[in-house]
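Novice: Return a 3D structure for these sequence lines:
(one chain, ligands or ions: 2)
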Amino acid sequence: MEKKQFQAESKRLLDLMINSIYTHREVFLRELISNASDAIDKIYYKALTDDSLRFDQDSYYIKVEADKENRTLKIIDTGIGMTREDLENNLGVIAKSGSLAFKNENELKDGYDIIGQFGVGFYAAFMVADIVTVISKALGSAEAYKWESEGADGYTIEPWKKDAVGTEIILKIKENTEEDQFDEFLEEYRLKEIIKKYSDFIRYPIKMDVTVRKPKEDSENEYVDFKEEQIINSMVPIWKKNKNDLTDEDYEKFYHEKRYGFDKPLKTIHTSVDGAIRYNAILFIPENIPFDYYSKEYEKGLELYSNGVLIMNKCADLLPDYFSFVKGMVDSEDLSLNISREMLQHDRQLKRIEKNINKKIKSELLTLLKNDREKYEKFFNSFGRQLKYGVYSDFGTHKEVLQDLLMFYSSKEKKLVTLDEYVSRMPEDQKYIYYASGDSNERIEKLPQTELVSDKGYEILYFTDEIDEFAIRMLMTYKEKEFKSVSSGDLGIEEDQTAANEETSENKDLFAKMKDILAGKVKDVRISKRLKTHPVCLSTDGEISIEMEKVLNAMPD
Ligand code: ADP
Ligand code: MG
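Specialist: Ligands and ions are numbered 1, 2, ... in the order given. Okay, here's the model as predicted:
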């Protein structure tokens, strides 16, 4: 039989799996069970939306079977199955290779990093098996096929016999070596433990024939062993569990299991709403910026479930752009399974959920700001820019939501402060919220324009992000205080400008000469009272500041 080659990327990952000295090999089972569960989800969804199919709860399950003598471990599911093409396309390629794409070679060699924090799917089987066999029959197909591979040198596919729709994965478990133990993956207690640990919330029963020991009839000290089929997992999805029964670790596991990120969640929001609209949601704010976050490839959205059945992987309508960094899922009984993408956009229930979630994220962020400043700053350093874009991109309601979440570096505090903090510290006679724009805090500090304002004892916010000033212009005011650039012509500081004007007119020939020399570059040259130690500075008259002008000029037409 012809041996087919894996695609290059897959081969690389396979090599990594096979040669990994990884200690958490046990996750292979999590990966295979999660695939089985996905496959049952698919058939379940089909049955619910297609009247010609019936979903009989009892006939959908996952079964794990260990055979010590033959060193095989089987994972059987009654899911949707795979056609020949599916086997070829899905198991010969890495489905979600984003994980590999951004890892550099060194990180890959390390192995630990990538597998530990995050799954690699089907290929994980090669961490524990010499031969992986997949026998599958797809829903609606008359034939079944066998896919088999011994690893990096390729795979074969041939017709096979299988009556029931679904998939059977057979792992030929590796022999123990001096350094490595594989026997444990054939041990009942160990398999049970792994299933409990990683797959407890899988919605379908994970069955196993477990040895039970019972006293022999008519005897008190004699026992018999027999096999009994047990369901190992509790089948309650984590989002339906009580918050108080869950630990940070549970949420973290879920975060990784779901591949929301490689990092840890900085903040977890678990919410259950039971009222006019009912839903459970688990939302995460990542600790780090997702590697593709500021790229076009990044897709925002939450997983959407209708009463436990996944109906969409990334429902974008659930998140405003300014919270696009939020990961997680929503499960609602009030959504129809049959709903299409287009219909979802107009769905009133979904709109209400979106609104609620939006509010919830905001309030949780405010709480974080209040209770854990350090964490909030970490969050803001990662995603603050997105919030500022949010303010900038909208005339309407965004600023209400976002203005209290913004932070800027303060000339006085020498750290990030909120607008609320700024305003509450303003002296009686201060009319404006002052800001200065520049490339860095150090450079802003040296700006002559900041002198007078600082001299008055007023605080200045440093705008070092290009978006800052644009966002603030959109905001216009905060608590009725206007924003004012330190380089604007009128600083609103009561200085005796008349004296300055007099001085200017007394020397008008000199200034006319200077204007002449700088013709086309400046509009006016005059005496200013705002300078203390610097001889000269630039200021603006109009709406656009010098910094904004720079940004606008840099923009493509
Ligand atoms: P992922 O689950 O992230 O898509 P995997 O490497 O785990 O990536 O699986 C690759 C693909 O193989 C799946 O998307 C699915 O299409 C297919 N697949 C794997 N296991 C099964 C199974 N038990 N039943 C049906 N399809 C499966
Ligand atoms: Mg998978």
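Novice: which stretches of the stretch 251-400 of the chain have low pLDDT?
Specialist: For the stretch 251-400 of the chain, the stretches flagged by pLDDT under 70 are 337-342, 344-345, 395.
Novice: Sorry, wrong one. I was asking about the chain.
Specialist: Applying pLDDT under 70 to the chain flags the ranges 17-23, 92-120, 337-342, 344-345, 395, 494-497, 529-532, 541-548, 550-557.
Novice: can you list the residues of it near ligand 1?
Specialist: Residues of the chain lying near ligand 1 by CB under 6 Å from any ligand atom: 31, 35-36, 38-39, 77, 79-80, 82, 90-91, 95-96, 121-122, 167. Where you see a C-beta, it was placed from the backbone N, CA and C, and this is true even at glycine.
Novice: which of these are buried?
Specialist: 31, 35-36, 39, 77, 79-80, 82, 90-91, 121-122, 167 (16 or more other CB atoms under 10 Å).
Novice: In the residues you listed, find the pair that's most separated.
Specialist: Farthest apart among those by CB to CB are Glu31 and Ile80. That separation is 17.5 Å.
Novice: Could you tell me how many residues sit around the residue of the stretch 251-400 of the chain at minimum distance from ligand 2?
Specialist: Taking CB to the ion, ligand 2 has its nearest neighbour within the stretch 251-400 of the chain at Arg259, 8.8 Å off. For Arg259, the count of nearby residues is 16 (other CB atoms under 10 Å).
Novice: where's it, which helix or strand?
Specialist: Under the criterion of DSSP states H and E, Arg259 resides outside all helices and strands.
Novice: How about Asp130?
Specialist: Counting by DSSP H and E, the element that carries Asp130 is strand 129-137.
Novice: Please name every helix or strand in contact with that strand.
Specialist: Applying 3 or more CB pairs under 8 Å, 6 or more residues apart in numbering; DSSP states H and E, one finds that strand 129-137 contacts helix 84-91, strand 144-149, strand 166-173.
Novice: wait, isn't Phe408 in contact with Tyr435?
Specialist: Yes. Counting by CB atoms under 8 Å, Tyr435 is a contact partner of Phe408 at 7.3 Å.
Novice: who's more crowded, the two?
Specialist: The neighbour comparison of Phe408 against Tyr435 (other CB under 10 Å) goes to Tyr435, with 26 against 23.
Novice: Dead centre of this protein: give me the residue that sits there.
Specialist: Central residue of the chain (CA atoms, centre = their mean): Lys327, 4.1 Å from the mean position.
Novice: Quick check: closest non-adjacent residue to that one.
Specialist: Tyr260 (3.8 Å; CB to CB, 6 or more residues apart in numbering).
Novice: Equivalent analysis for Thr464, please.
Specialist: Distances taken as CB to CB, 6+ apart put Ser440 closest to Thr464, at 5.8 Å, once the chain neighbours are dropped.
Novice: Report the two of the residues of the chain next to ligand 1 separated the most.
Specialist: Among the residues of the chain next to ligand 1, Asp77 and Lys96 lie farthest apart (CB to CB), at 20.0 Å.
Novice: Spatially nearest residue to the residue of the chain at minimum distance from ligand 1 (excluding sequence neighbours)?
Specialist: Residue of the chain nearest ligand 1, by CB to the nearest ligand atom: Gly121 (2.4 Å). Closest residue to Gly121 apart from its sequence neighbours, by CB to CB, 6+ apart: Glu31 at 5.5 Å.
Novice: after the helix or strand containing the one you found comes which helix or strand?
Specialist: Using DSSP H and E, Glu31 sits in helix 27-49. Using DSSP H and E, the helix or strand that follows helix 27-49 in sequence is strand 62-67.
Novice: Mind checking if the helix or strand following that next one is in reach of ligand 2?
Specialist: Counting by DSSP H and E, the element after strand 62-67 in chain order, helix or strand, is strand 72-77. No. Strand 72-77 stays clear of ligand 2 (CB under 5 Å from the ion), getting no nearer than 12.0 Å.
Novice: How far off centre is strand 72-77?
Specialist: 32 Å (CA atoms, centre = their mean, to the nearest Å).
Novice: tell me the angle of that strand relative to strand 129-137?
Specialist: Computed with axes from the mean of the first three to the mean of the last three CA atoms, to 10 degrees, the direction of strand 72-77 lies at 30 degrees from that of strand 129-137.
Novice: Just give the strands next to strand 72-77 in its sheet, each with its orientation.
Specialist: strand 62-67 (antiparallel), strand 166-173 (antiparallel) (DSSP bridges).
Novice: gap between the longest one and the chain center?
Specialist: Counting by CA atoms, centre = their mean, strand 166-173 is centred 32 Å from the centre of its parent chain.
Novice: With the first one instead?
Specialist: The chain centre lies 33 Å from the centre of strand 62-67; the measure is CA atoms, centre = their mean.
Novice: neighbours around the closest residue to Ser411 other than its chain neighbours, how many?
Specialist: Spatially, and ignoring its direct neighbours in sequence, Ser411 is nearest to Ile460 (4.0 Å; CB to CB, 6+ apart). Ile460: 25 surrounding residues under other CB under 10 Å.
Novice: and if you look at Glu377?
Specialist: Neighbour count of Glu377, defined by other CB under 10 Å: 16.
Novice: and it, helix, strand or coil?
Specialist: helix (DSSP: H, G, I helix; E, B strand; the rest coil).
Novice: And Lys192, by the same measure?
Specialist: helix.
Novice: how much space is there between it and ligand 2?
Specialist: Lys192 sits 21 Å away from ligand 2, going by CB to the ion, to the nearest Å.
Novice: mind listing what that residue touches?
Specialist: Met208, Val210, Ile232 (CB atoms under 8 Å, 6 or more residues apart in numbering).
Novice: can you narrow the residues you listed to ones near ligand 2?
Specialist: Within these, nothing lies near ligand 2 by CB under 5 Å from the ion.
Novice: JSON lines for those, including neighbour count, distance to Gly275 and secondary structure?
Specialist: Below are the contacts of Lys192 laid out as JSON lines (neighbours: other CB atoms under 10 Å; distance: CB to CB, whole Å; DSSP: H, G, I helix; E, B strand; the rest coil):
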{"residue": "Met208", "neighbour count": "20", "distance to Gly275": "40", "secondary structure": "strand"}
{"residue": "Val210", "neighbour count": "15", "distance to Gly275": "42", "secondary structure": "strand"}
{"residue": "Ile232", "neighbour count": "21", "distance to Gly275": "35", "secondary structure": "coil"}
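Novice: Output those residues as JSON lines; include the columns distance to Phe226.
Specialist: Putting the contacts of Lys192 into JSON lines (distance: CB to CB, whole Å) gives the following:
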{"residue": "Met208", "distance to Phe226": "14"}
{"residue": "Val210", "distance to Phe226": "10"}
{"residue": "Ile232", "distance to Phe226": "18"}
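Novice: Between those, which sits nearest Glu252?
Specialist: When the contacts of Lys192 are compared for distance to Glu252 (CB to CB), Ile232 wins out at 21.8 Å.
Novice: ok, and the closest non-adjacent residue to the closest one?
Specialist: Closest to Ile232 by CB to CB, 6+ apart is Ile195, at 4.6 Å.
Novice: What residues of the helix or strand where that neighbour lies count as buried?
Specialist: For Ile195, the host element (DSSP H and E) is helix 188-199. Buried residues in helix 188-199, defined by neighbour count with 16+ other CB under 10 Å: Leu191, Lys192, Ile194, Ile195, Tyr198, Ser199.
Novice: repeat for stretch 347-367
Specialist: Buried residues in stretch 347-367, counted by 16+ other CB under 10 Å: 347, 349-350, 352-354, 356-358, 361-362, 364-365.
Novice: same check, this time on stretch 402-418
Specialist: Leu402, Gln403, Leu405, Leu406, Met407, Phe408, Tyr409, Ser410, Ser411, Leu416, Val417, Thr418.
Novice: who's in contact with the first one?
Specialist: Residues touching Leu402, when contacts are defined by CB under 8 Å, 6+ apart, comprise Tyr322, Leu387, Gly390, Val391.
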